[in-house]
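Asker: Any chance you can model this:
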Amino acid sequence: MLASQVAESQSPSDRRATADTDPWLTLQEGSAEVRVHEATLRREIKAKRLRHARVGGRKAIRIRRSWLHAWLEATSTPLEPGR
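Answerer: Numbering: from 1, shown residues only. Sure thing, here's the model as predicted:
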């Protein structure tokens, strides 16, 4: 199913709920969310390891909160208890 088809199948309140629970973040907001430097996010985007969207051409980058947390989970190394 295409994104446009999904959007059409959702009611306006469903789309609003998604936007409220999974907002679009700027690089600055995203870096604060996962506590990494903006350069780290830019590097991960360039390496195609972090999903993102470009708004208004090539300059403005937006990232869904869920995409950031998925990236963090996928790239983090858990420490052993007691370390």
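
Asker: Model confidence score at Lys48, please.
Answerer: In the prediction, the pLDDT value recorded for Lys48 is 96.

Asker: Quick check: it vs Arg58, distance?
Answerer: Shown here: Lys48 relative to Arg58, a distance of 15 Å by C-beta to C-beta, to the nearest Å. To be clear about C-beta, it is placed using only N, CA and C from the backbone, and glycine gets the same treatment.

Asker: again, but for Glu73
Answerer: Here Glu73 is placed at a distance of 28 Å from Arg58 (C-beta to C-beta).

Asker: What of Trp67?
Answerer: With the distance defined as C-beta to C-beta, Trp67 ends up 19 Å from Arg58.

Asker: Settle it for me: which of these two has more neighbours?
Answerer: Shown here are Trp67 and Arg58; by other C-beta atoms under 10 Å, Trp67 has more neighbours (18 against 7).

Asker: Show me where the chain has its helices.
Answerer: If DSSP state H is used as the criterion, the helices of the chain fall at 3-9, 12-21, 27-34, 38-46, 65-75.

Asker: Confidence-wise, which of those is weakest overall?
Answerer: When mean pLDDT is averaged over each of these, helix 3-9 scores lowest at a mean of 50.

Asker: Report all helices and strands that the top strand by length along the chain contacts.
Answerer: As assigned by DSSP state E, the longest strand anywhere in the chain is strand 60-64. Using 3 or more C-beta pairs under 8 Å, 6 or more residues apart in numbering; DSSP states H and E, the elements in contact with strand 60-64 are strand 24-25, helix 27-34, strand 53-55.

Asker: now it, how far from the chain's geometric center?
Answerer: Average the C-alpha atoms of strand 60-64, do the same for its chain, and the two points are 7 Å apart (C-alpha atoms, centre = their mean, to the nearest Å).

Asker: try stretch 74-83
Answerer: In this view, stretch 74-83 has its centroid 22 Å away from the chain centroid, taken as C-alpha atoms, centre = their mean.

Asker: Need the contact partners of it.
Answerer: Contacts made with stretch 74-83 from outside it, assessed by C-beta atoms under 8 Å, 6 or more residues apart in numbering, are listed as 44, 49.

Asker: cool, and stretch 32-46?
Answerer: Taking contacts as C-beta under 8 Å, 6+ apart, the residues outside stretch 32-46 that touch it are 25, 27-28, 30-31, 50, 52, 61, 63, 65, 68-69, 71-72, 75.

Asker: Before I go, just wanted to say thanks for your time.
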